[in-house]
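**Student:** Return atomic coordinates for the entry below.
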Amino acid sequence: MLRALSSQAWAAWEFVRSRPFFGREMAAGRIVRTEEIAPPAHLTAPPGRWIGWLRHERIPRITYPYEWSFGMLRDAALLTLDLMQAALADGVILKDASPFNVQFIGARPVFIDVPSFVPHQGGPWEGYRQFCQMFLYPLLLQAWRNVDFQPWLRGRLSGITPEECWRMLSLRDLFRRGAVTHVFLHAKLSRQVGESSRNIPDSMRESGFQSQLVEANVSKLRGIVAGLRWGEKSSYWSEYDRASRPVSVDGPAKEAFVSRIASRRRWREVWDLGCHLGRYARIVAPHADRVTAIDSDHLSIDRMYASLKAESSSAILPLVFNVSDPSPGLGWRGRERLDLVSRGRPELVLCLALLHHLVLRENLRLEDVVDWLAELGAALVIEFVDKSDPQAQSLLAHRADQYDDYSAESFETLLTSRFHVHERQPLPSQTRTLYFATPQE
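**Tutor:** Okay, the predicted model is just below:
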């Protein structure tokens, strides 16, 4: 990735790069590796607009906060605060504090917005409000009220306002650490600022956020964030491998099938759709440059992230993502935050025990799902679950069966019309079948 800097930004960069913390954190992999380069010959700009160029290490896959789990957002927040503390000690501050400044390489957060570091000239931390709206409040609501933050951050890229967060809290929450200072007083201050002509930094300076207190404020914020825990114990999908008999019976055969297909070559990128806790993502990981593990169940992804983090894994990237309700292009002209496919396509897709949920629960047409998989242009390992399967029966238990197109015969007809089917393997449960297929030219 290349970045052009103006004269003001270049002066800030020269100061920041000379500070001990910057080289130390970049060597540790907490700040993206960055180097100065000569102006690229193929890029032009008006004379004097850019005076310097930087090249950053490429991030394998760009993700957004509304696709992260609780643990991922918390670790991104802690990284931001840790870098703030290190920077302040060297006369540098982060001018903003957006989670979009952080990316994940596997289970490791990396800070990527190097020009956010600027010399500290005194005064309050102008990124404080942004940190609260996009890090602290989403985490507080998840930990204290069990309110998933992903829809909030997807619905508004600037996050949750202090007033909104305050209205969501209970009386009990008022006594929790940080609620009064960072939510109630912040909401009150925001209302006051809205009723006057003063700007927020000036108001914050008058309200006790003088420059000499920035470091203490950051330290307290770090203590609050580090202490947050999401208390959810279980979900249907987090226990799926143990609760479903067909899944447990078919597990070894599915593992062998996936392992055999994955070992045939080196895959640039693999998507595991409906990954649960990452059972099959782990099987393909040794044969892939990277694996993106996707599931709509927040708890499953959070547990998977925790285990990958403990293993210091960089091969698998877990995401909270609903295939039937995918993240669209967002921001200005819908191009600031791209949809998943626009950020890179896979070479192999695992679609195991997902198809029947998309059709029987999400009411998607079988033909449309197969069409979408074909449009990805990737090799495919897919599992068809018959209506007689206990899991399919549970989806149909309280609704009329209007899914005449959902049958093994219809599925195979659709699959063979869009893919070359190389392998077909019935599983021991006798209600499920695996297929390996490659897209038609």
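**Student:** Okay, strands next: where are they in the stretch 151-300 of the chain?
**Tutor:** Along the stretch 151-300 of the chain, counting by DSSP state E, counting those that start in this stretch, strands occupy 267-273, 288-295.
**Student:** can you put these in JSON lines and add mean neighbour count and mean pLDDT?
**Tutor:** The C-beta positions use only the backbone N, C-alpha and C, and glycine is treated the same way. What follows is the strands of the stretch 151-300 of the chain, written out as JSON lines (neighbours: other C-beta atoms under 10 Å; pLDDT from 0 to 100):
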{"stretch": "strand 267-273", "mean neighbour count": "23", "mean pLDDT": "98"}
{"stretch": "strand 288-295", "mean neighbour count": "24", "mean pLDDT": "97"}
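**Student:** Please render those as a markdown table that adds distance to residue 260 to the earlier fields.
**Tutor:** Converted to a markdown table, the strands of the stretch 151-300 of the chain look like this (distance: least, C-beta to C-beta, whole Å):
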| stretch | distance to residue 260 |
| --- | --- |
| strand 267-273 | 14 |
| strand 288-295 | 15 |
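**Student:** Which one, of the ones you listed, ends up nearest to residue 84?
**Tutor:** Of all those, it is strand 288-295 that lies closest to residue 84, at 29.4 Å by C-beta to C-beta.
**Student:** what packs against the closest one?
**Tutor:** In this structure, strand 288-295 packs against strand 267-273, helix 279-284, helix 298-310, strand 316-320, with contacts taken as 3 or more C-beta pairs under 8 Å, 6 or more residues apart in numbering; DSSP states H and E.
**Student:** Highest mean neighbour count out of these?
**Tutor:** Across the helices and strands packed on strand 288-295, averaging neighbours per residue (mean count of other C-beta atoms under 10 Å) puts strand 316-320 on top, at a mean of 27.
**Student:** Please name every helix or strand in contact with the next helix or strand after that one.
**Tutor:** Sequence-wise, the next helix or strand downstream of strand 316-320 (DSSP states H and E) is strand 348-351. The contact analysis (3+ C-beta pairs under 8 Å, 6+ apart) places strand 348-351 against helix 245-262, strand 267-273, helix 279-284, strand 379-385.
**Student:** Among those, show the one with the smallest mean pLDDT.
**Tutor:** Least confidently modelled of those is helix 245-262, at a mean of 92 by mean pLDDT.
**Student:** So which bits of that helix are buried?
**Tutor:** 246-247, 249-251, 253-254, 257-258, 261-262 (16 or more other C-beta atoms under 10 Å).
**Student:** now swap in stretch 119-137 and tell me
**Tutor:** Residues of stretch 119-137 classed as buried by neighbour count (16+ other C-beta under 10 Å): 120, 123-137.
**Student:** Stretch 326-333 too?
**Tutor:** Those would be 327, 330, for stretch 326-333 by 16+ other C-beta under 10 Å.
**Student:** Over to stretch 147-156?
**Tutor:** Using 16+ other C-beta under 10 Å as the test for burial, stretch 147-156 gives 148-150, 152-154.
**Student:** Export those as a markdown table, with columns for pLDDT and distance to residue 396.
**Tutor:** Output for the buried residues of stretch 147-156, formatted as a markdown table (pLDDT from 0 to 100; distance: C-beta to C-beta, whole Å):
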| residue | pLDDT | distance to residue 396 |
| --- | --- | --- |
| 148 | 96 | 27 |
| 149 | 97 | 33 |
| 150 | 97 | 28 |
| 152 | 95 | 33 |
| 153 | 96 | 34 |
| 154 | 95 | 30 |
